Structure formats: C-alpha cells, structure tokens
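Q: Pasting a predicted model and its sequence here:
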Protein chains: 2
Amino acid sequence: MRKGLVTRARILDDAIRLASVEGIAGLTIGRLAERNGMSKAGLFAHFKSKEEVEVAVLEETIARFSETVFAPALAQPRGEPRLRALLERWWEWANDAERQPGGCLIVQASAELDDQPGRAREVVAKAQRLLLDMFERATQLAVESGHFRSDLDPKLFAVQILGILLATHQLQRLLRDPNAKAFMWRAVDDLFASAKPVRRRLTK
Amino acid sequence: MRKGLVTRARILDDAIRLASVEGIAGLTIGRLAERNGMSKAGLFAHFKSKEEVEVAVLEETIARFSETVFAPALAQPRGEPRLRALLERWWEWANDAERQPGGCLIVQASAELDDQPGRAREVVAKAQRLLLDMFERATQLAVESGHFRSDLDPKLFAVQILGILLATHQLQRLLRDPNAKAFMWRAVDDLFASAKPVRRRLTK
C-alpha cells in the first residue's frame, strides 16, 4: 500500500516534468510506462486512463502551487507586501527547472486545453480561477490596509496582474529574453503606482 | 499547377482551424488527409513532412495577421488612435470563429512550442517578436505625436499591452468570461491613462 503511493508520487513527479515541456498531450500511458521503467499494465495499476493521469497531474500542480506560492506569501504582511511576495514566489515557481523544466504547467495547459472539453479542462479552469481569486483577495486587503486607493476594482486588478505574469512567462519561455524578470517588476511597479491613493502619489 | 495551389490553400485553411482548437500537435499528415478526403500520399504531394505543415500553417497565420490586424490599423492616424485600432482588430482576430475557432493560433502555439526546439518554434518566436515590435513602434509614434509622455519606455509598454491581450485571451477562451472584452478595454484605458503627459492628465 505505502509502496504503491510512493510509486504513484514518483510517476506524477515525472509526468509533471514531461507535461511542462511537451504539453498535456504528451502524457500517454505508454510514454509514462517507458520513462518509469514499467509495463503499461504496471502503470495502469496506478492510473486507469490518460484522463486520470491528466487530472492527477493538474490537481497535484495546484496543490504544489498552494504550498510553494500561496502559503509562504500568507506569512507576509497583508496588502502590498503580500502581493509582491506572491509575485516573487510565482517567478520562482515558473522557473523551477527541477520540478517544471518547461515553465508553469498551468500556463501551458491553459492554452492547450481551452478548447478541449473534459475533466482536465475543468481542473485547469479551476486553477486559473483560484489564481485570480488569490490576487483579487490580496488586492482587496491592500485596499483595506490603505496601500491602494479605495475606488480600485480588485477584480480588474487581478486580471491586470495575470496579464503581467503571462507576458513575463512568454518573454522568458518563448523569447528567452534575459530581461523578462526585470520587465515583470517594472510592469508591476507601474501597475501598483497607478493603484496608490492619490495623495500618496502626489507627495512621492 | 493552379489547381495544386488552390488545394494547398484549402488544406492550410483547414489545418489552421484544426490547430487553433487542438494545437500544433494535432497537425498529423494522416489527420489532415482524412479531413480533406485525400490519401496520405495525396497530402504528401503538398507537404513533405509534419514540420513543413507546421511551418506553413504558422507562416500563413502571420501573413493573415498582417492583413487583418496590422494593415487596417495603419490606415488610422498614428499614435493612440492607431494603437486602439490594433487592439480592436486583435480582438476580432482572436474571436474569428470561422478562421480560428479555438482563438489565436499564435497564443496557442507559443505555449505549446516554447520548449520544443525546431523550425516551428522559431516561426512562433518570430511572430511574437513582430507583434511586440508592432506595439513598440506604434507606441513610439504616440510619444512622438505627443499623445504619450516623452519618458515612456515603448519596449516596456509593448510588453504591458501583450500582457493585457494574453490575459484577455485566457478569460475568453479558458474561463468563457462574458466580460473578457470589457476587461480588455478597461485595462487598456488604465495603461494608456498612465502614459499620458502629466499636464494633460491633471487637466482631464
């Protein structure tokens, strides 16, 4: 029983690395069996179908995101410091060459699955809703803490942050732009400056 | 000869629709032959390899983008009006259910191919560089026209615009958010407002 769980976790680790580079489409039972030195039947003992692998890979990715991005940021003071911590953590997450050598799997899967109805698509959509909710909530707290102006729309602000992350990811992964991280922070600084209470902005 | 070109164009039309929904990975010779009522050998007469299909599909997409987004915007007055025309046209482009039923193929291919070395990846990277250059140049003209402040960095501004488009695309395609277009324009308005010359902003 315990051995089975360890094997399952090892297969998932490998599947996440593979999908991060080659996409969800690369997650075939045959390919995973080969990479893990198992027979197809052996792999079927852990996952009954390609869809089950896809869903498990995406759910595990969400759990890891919560652990490595969301939880540590919660330890930072609410408001702007926490938002910045989320972004710094996101950068580390999307550039973790060991666990996701092809960059953030959710960014990859979002583009790949957006027109492919099914359980995997629903999990990716859930992941992106969680991300937007996380930014919206952190922004709301920044408003309540007086870091941001009271007429800011946290929902729009969350979308604006998402845009910066997606552009950064593309600069980094597709264009291999050495300034990707610098662009990210300059865009964030611009966006946050526009969110400051007016009095604070004028006295700066 | 002419018939051959017509057939090739028809295959490409279909391949772009297919890739827009299922990704570049879906463009197998067998699949395209079947969809076009041809034998594999018949399809090989037009494209010698899967890679040749991929490159042709992406090059054709870039050519269409130039025609449907870039060229009409050039007819608008330089500066902010032209930038807004580019964005309006981009929205129509990314939501052309007839030609790209799964949304912008370049957005799809960017995430899919970013870790897959080869000619197709190079064409997608070229497409994204062209897009960023287009926004950068249009922004530069907006600065020169006095619409935007002179200390604006057009390169950063182009990345910020790209971010808004990528977030909009994800809201629309993955989350099926009915407010995607409204979010796009609100984010653009915010970004453009932050680029206005200071005097103009204060007198507004």
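A: Now that the structure is in, tell me what you want to look at.
Q: Near A:D189, how many other residues are there?
A: Using other C-beta atoms under 10 Å in any protein chain shown as the criterion, A:D189 is surrounded by 11 other residues. Bear in mind the C-beta positions are built from the backbone N, C-alpha and C, glycine included.
Q: same check, this time on A:G146
A: Number of residues near A:G146 (other C-beta under 10 Å) recorded here: 11.
Q: What residues does it make contact with?
A: For A:G146, the contacting residues are A:G79, A:P197, by C-beta atoms under 8 Å, 6 or more residues apart in numbering or on different chains.
Q: can you tell me how far it sits from chain B?
A: Distance from A:G146 to chain B, counting by C-beta to the nearest C-beta, to the nearest Å: 20 Å.
Q: and that residue, backbone torsions?
A: phi 80, psi 0 (degrees, to the nearest 10).
Q: just A:G103 next, same as before
A: phi 90, psi -180.
Q: what does the helix or strand hosting A:S20 rub up against?
A: Using DSSP states H and E, A:S20 maps to helix A:2-22. With C-beta under 8 Å, 6+ apart as the test, helix A:2-22 has contacts from A:26-27, A:31-32, A:35-36, A:43, A:45-47, A:53, A:56-57, A:60-61, A:99-105, A:108-109, B:115-116.
Q: Other residues contacting the helix or strand where A:A73 lies?
A: Assessed by DSSP H and E, A:A73 sits inside helix A:71-74. The contact list for helix A:71-74, computed with C-beta under 8 Å, 6+ apart, reads A:R82, A:A85, A:L86, A:R89, A:A138.
Q: hang on, the earlier thing: just checking, which of the contacts of helix A:2-22 belong to strands?
A: Among those, none falls in strands (DSSP state E).
Q: Narrow these to those that are buried.
A: Among those, those scoring as buried are A:27, A:32, A:36, A:43, A:46-47, A:53, A:56-57, A:60-61, A:100, A:102-105, A:108-109, B:115 (criterion: 16 or more other C-beta atoms under 10 Å in any protein chain shown).
Q: After the lengthiest helix in chain A, which helix or strand is next? Please name it.
A: Determined from DSSP state H, the single longest helix within chain A is helix A:119-144. Using DSSP H and E, the next helix or strand after helix A:119-144 towards the C-terminus is helix A:154-173.
Q: and that next one, how far out from the chain's middle?
A: 11 Å (C-alpha atoms, centre = their mean, to the nearest Å).
Q: Can you give me the buried ones in that helix?
A: For helix A:154-173, by 16+ other C-beta under 10 Å, it's A:154-173.
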